[in-house]
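In: quick one: sequence and predicted model below, then my questions.
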Amino acid sequence: MLEHESVFTYQTPFWKAEYHDLPLRSYQGNPLIETLPPISDREQTYKLLQYSPGYDEACRQWPSHLRLHLFLEAARFFQPLNIHFELEQRFSRLIRAGYVGRNPLDLGFWSQTERKLHLIGQNAIFSATPRVPTQGFTLMGISGTGKSRTIERILSLYPQVIQHHEYAGKRFTWTQLVWLKLECPYDGSISGLCHDFFQQVDMLLGTNYYENHGLRSRPTIDKMRVAMARVASNHSLGVLIIDEIQNLRHVKSEGVDKMLSFLVQLDNTIGVPLVFVGTPKARALLAGEFRRARRAAGQGDLPWERMQNVFEKDKAKDSEWRVFLETLWKYQYVREKSDLTSELSEVIYDESQGIADIAIKLYFLAQIRSIERKTERVTADLIRKTAEVSLRSVQEPLHALRSDNKVLLQKYEDIQPIDLEGAVWQALRQIGTASSPASTPGTSQEAMAAIAPVVAEEVDATIAPPESQAFHAEDEQNKSKERVEQGEKGLIETVMEARQHDLTAYAALKKGGFLRDGGEYLGEEVKA
């Protein structure tokens, strides 16, 4: 076996190039632009971005364990809003404008490319050499507003890899990489970014760039920078998205400057548009030299604000919050349907502060709580209680938003994601435990229900997070008290004693005779 054996795990399907006539003169005659999907208007963009997982009123009468599965699918819905249309148009412009002046069929393209790569090798970051103006932008917003998900949705409108074979009756063999999305390394390492770049390109194209430029002979950062620029140029990379740019705040200022200077160099010299995505904590990082270098960018930065609390029809018929909430409210799986009222809108806004991810998960978590407790109706009190129990980890940043406390907001701009899947799993386990018959002779169903979560926790402690476990803390305390009063303490005492002696619940239950061999319950013929 070779010392560095390349491992190829995945290759995306290549899109066969098809060319479209374009009215813009600057786009004509450029196969990299003509093969992109047609430029869409607002109505077409809405149809392309919008996603509905489907909804059937009859599902509200399904058994609880089936309805709980619907929440994870419903959470995938996507309702286009004004910010989404603007973002789609920006990507549409920057990808095409970035290809202007980078036509591989132009005379002198290769010699010009080598000259640009030489500039990068010489670290000529802000050369006065004529270049195509930068077209990228920075997208900033607090966590949970939907930045990353929207970008992924927009990028899905473009084939990631396009294979060219023939253009205008002449042979043209070219592999075009339309977009690539990377996450900013947590340590701000340029080598880490380069390694990630090579690995992703290899997975998409089936190449060996990571082995050749990231492993062999332990290349220096300078060599990797030039290699990354060459790969981006050779495959006509249309746009490079750097997500979680706020990770650079953990890096010393010198490291931040090096990383940003390298990225600006890639943008200015090679002509690959860059899009930076992050929270407002990145704002201070993107200042000084970096901002001056990108001042000429035609698109400017795009702040992503949370939705404003406008619901009443007479105030704003098509406000983003109203459109979003009315779409969300359709996915109601409790048995008794609740109409969306101003009161409910006010409560869910107050508890989510207009952050889409929190609003979606709060609404679904409230329904899960209602199904578990068999109340089967969404109310304002239910939403409040659910927020109190299930959104504990985000209460401080939400309070900072409510009070518009600038000092606290700077501290809590990164809001932890809410684990909807963990809550669904916890509810399924709770319902399954409550409805399943006793599996051991001589053991009450109620006692088995008490011990099942303990055993399950030791089997996989990572499945249900503390937030979802908090859903049932009050119920479990009441049930435990009832079991103590009834004298059914055998299983509980066994497990608790086992924990004191560093034994697993399973081992203790088996030793105590609560778990038996399945063969004991088989017929003689089967055992034989």
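Out: Sure, I can see it. Numbering: from 1, shown residues only.
In: return the residues in contact with Leu157.
Out: Neighbour list for Leu157: Pro37, Leu48, Leu49, Glu88 [criterion: C-beta atoms under 8 Å, 6 or more residues apart in numbering]. The way it works is simple: take the backbone N, C-alpha and C, and place the C-beta from them, glycine included.
In: farthest-apart pair in these, please.
Out: Greatest spatial distance in the contacts of Leu157: Pro37 and Leu49, 13.0 Å, computed using C-beta to C-beta.
In: who has more neighbours out of these two?
Out: Between Pro37 and Leu49, counted using other C-beta atoms under 10 Å, the more crowded position is Leu49 (21 against 14).
In: quick check: the more buried one vs Asp267, distance?
Out: Between Leu49 and Asp267 the computed distance is 27 Å (C-beta to C-beta, to the nearest Å).
In: in helices only, show me the contacts of Leu157.
Out: If you go by DSSP state H, the contacts of Leu157 have Leu48, Leu49, Glu88 in helices.
In: save the residues you listed as CSV, and put in distance to Gln426 too.
Out: Listed next are these as CSV, based on distance: C-beta to C-beta, whole Å:
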residue, distance to Gln426
Leu48, 36
Leu49, 32
Glu88, 37
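In: and the contacts of Leu157 as a markdown table, adding distance to Glu57?
Out: Converted to a markdown table, the contacts of Leu157 look like this (distance: C-beta to C-beta, whole Å):
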| residue | distance to Glu57 |
| --- | --- |
| Pro37 | 36 |
| Leu48 | 28 |
| Leu49 | 26 |
| Glu88 | 32 |
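In: low-confidence ranges in the chain?
Out: Within the chain, the segments meeting pLDDT under 70 span 1-12, 122-134, 216-217, 287-300, 312-318, 406-419, 432-528.
In: let's see that with 50 instead.
Out: For the chain, the stretches with pLDDT under 50 are 1-9, 125-132, 292-293, 295-298, 314, 436-489, 518-528.
In: show me the domain layout of it.
Out: The chain is divided into the following domains under automatic domain parsing: 15-35+81-303, 50-79+308-418, 436-527.
In: out of those domains, which is closest to Ala427?
Out: Closest to Ala427 of these is domain 50-79+308-418 (C-beta to C-beta; 5.1 Å).
In: how close does the residue nearest to Ser148 when sequence neighbours are not counted get to Asp196?
Out: Nearest non-adjacent residue to Ser148, counting by C-beta to C-beta, 6 or more residues apart in numbering: Asp243, 5.9 Å away. With distances taken as C-beta to C-beta, Asp243 is found 11 Å from Asp196.
In: what residues are shared contacts of the two?
Out: Common neighbours of Asp243 and Asp196 (C-beta under 8 Å, 6+ apart) are Leu182, Glu183.
In: where along the stretch 51-200 of the chain do the helices fall?
Out: Counting by DSSP state H, counting those that start in this stretch, the stretch 51-200 of the chain has helices at residues 64-74, 82-99, 109-121, 147-155, 190-205.
In: bridging residues for the residue nearest to Ser148?
Out: Listed beta-bridge partners, Asp243: Glu183 (assigned using DSSP bridges).
In: just the buried positions in stretch 199-210, please.
Out: Neighbour-count burial for stretch 199-210 flags Gln199, Gln200, Val201, Asp202, Leu204, Leu205, Thr207, Asn208, Tyr209, Tyr210 (criterion: 16 or more other C-beta atoms under 10 Å).
In: could you measure from the closest residue to the third one other than its chain neighbours over to Leu177?
Out: Okay, so that is Val201. Excluding the flanking residues, the one nearest Val201 by C-beta to C-beta, 6+ apart is Tyr209, at 5.5 Å. According to C-beta to C-beta, Tyr209 stands 11 Å off from Leu177.
In: joint contacts of the two?
Out: What both Tyr209 and Leu177 touch, as defined by C-beta under 8 Å, 6+ apart, is the set Val201.
In: would you check that Ala17 makes contact with Gln163?
Out: Yes: shown here, Ala17 and Gln163 form a contact pair, counting by C-beta atoms under 8 Å, at 6.4 Å.
In: neighbour count: those two, which is higher?
Out: Taking neighbours as other C-beta under 10 Å, Ala17 and Gln163 compare with Ala17 leading, 20 against 16.
In: OK, contacts around the more buried one?
Out: Shown in contact with Ala17 (C-beta under 8 Å, 6+ apart): Pro31, Thr35, Ile162, Gln163, His164, His165, Tyr167, Gln176.
In: separation between the residue lying closest to the first one once chain neighbours are set aside and Asp301?
Out: If I follow you right, that is Pro31. Sequence neighbours aside, Tyr167 is the residue nearest to Pro31 in space, at 4.6 Å (criterion: C-beta to C-beta, 6+ apart). Relative to Asp301, Tyr167 is positioned 36 Å away (C-beta to C-beta).
In: higher neighbour count, these two?
Out: With neighbours defined as other C-beta under 10 Å, Tyr167 and Asp301 compare such that Tyr167 has more, 20 against 15.
In: so that one sits right up against Ile33, yeah?
Out: No: the pair formed by Tyr167 and Ile33 falls short of the contact definition of C-beta under 8 Å, at 11.7 Å.
In: between the two, which contacts overlap?
Out: Common neighbours of Tyr167 and Ile33, counting by C-beta under 8 Å, 6+ apart, are absent.
In: how about Thr354, secondary structure?
Out: Not quite, residue 354 is Gly, not Thr. Secondary structure for Gly354, judged by DSSP: H, G, I helix; E, B strand; the rest coil, is coil.
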